[in-house]
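Participant: I'll drop the sequence and a predicted model, then ask my questions.
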Amino acid sequence: MKIVTMLIIVSVLSFSASSFPQTLNERVVLLDEQRKAIAVVDASHGATDEIQGTIRDALGRPLSGASLILKSPNETIIGRTKSDADGHFVFSTVTPGTYTVLAEKPGFQASTVIVTVEAGTIAAPAITMASQEAL
C-alpha cells in the first residue's frame with residue numbers, strides 16, 4: 001500500500017507542476033491542495049491494521065484449532081477466528097486501539113491478553129495456554 005501511496009503523491013505533484021502558478025498566492029493555494037491530497041491518501045492507508053499472533057501450550061508447542069475472540073474495551077465482539085496448524089491467527093481490518101483477545105480450546109484453561117494496535121503496525125501477541133492435564 002505504501003507503493004501505491006507514493007505513486008499517487010508523485011502523480012499529484014507531477015500534475016501540479018505542469019500547471020505551475022505564476023503568483024505567490026497561487027503557489028500557496030496549490031501547496032495547500034497538495035497537502036490535503038497527501039493527507040487523504042495517508043488517512044485511508046492507515047485506517048485499519050491487523051493483529052497477527054501465535055498461540056502455544058506451556059511447552060511452546062503450537063496449538064491448532066484454538067478459538068480466538070477479539071473484544072473492544074466495552075466488551076463488544078469485534079471478530080472471531082481460529083488458529084491454524086502452526087498456532088498462527090489473524091484478525092484483519094482492525095482499527096487502531098486497545099483490544100482484548102480471548103483464547104479458548106478444550107483441555108486448556110482460557111487465556112486473555114491485552115493488545116494495542118497502532119496505526120501503520122501489525123500487533124503480534126504471543127498467547128500461552130495452560131493445559132488442564134499434564135502435558
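Facilitator: Great, that's in hand. Residues are numbered from 1 along each chain as shown.
Participant: per-domain residue ranges of the protein.
Facilitator: 2-45, 49-129 (automatic domain parsing).
Participant: Compare those and say which comes out lowest on pLDDT.
Facilitator: Sorting the domains of the chain by mean pLDDT places domain 2-45 lowest, at a mean of 39.
Participant: Please name the nearest non-neighbouring residue to S72.
Facilitator: I78 (5.6 Å; CB to CB, 6 or more residues apart in numbering). Where C-beta positions appear, they are placed from N, C-alpha and C, glycine not excepted.
Participant: right, and the one you found touches G97 too?
Facilitator: No. If you go by CB atoms under 8 Å, I78 and G97 don't touch, sitting 9.5 Å apart.
Participant: Burial check on I114, number of neighbours?
Facilitator: 10 (other CB atoms under 10 Å).
Participant: Could I have the CA atoms of the helix or strand containing it written out in PDB?
Facilitator: I114 is located in strand 111-117, with elements delineated by DSSP states H and E. The C-alpha trace of strand 111-117 is given here as PDB (Å, rounded to 0.1, in the frame of the first residue of the first chain):
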ATOM      1  CA  SER A 111      -6.300 -17.200  28.300                       C
ATOM      2  CA  THR A 112      -6.700 -13.500  27.800                       C
ATOM      3  CA  VAL A 113      -4.200 -10.900  26.500                       C
ATOM      4  CA  ILE A 114      -4.500  -7.100  26.000                       C
ATOM      5  CA  VAL A 115      -3.400  -5.900  22.600                       C
ATOM      6  CA  THR A 116      -2.700  -2.400  21.400                       C
ATOM      7  CA  VAL A 117      -2.900  -1.800  17.600                       C
END
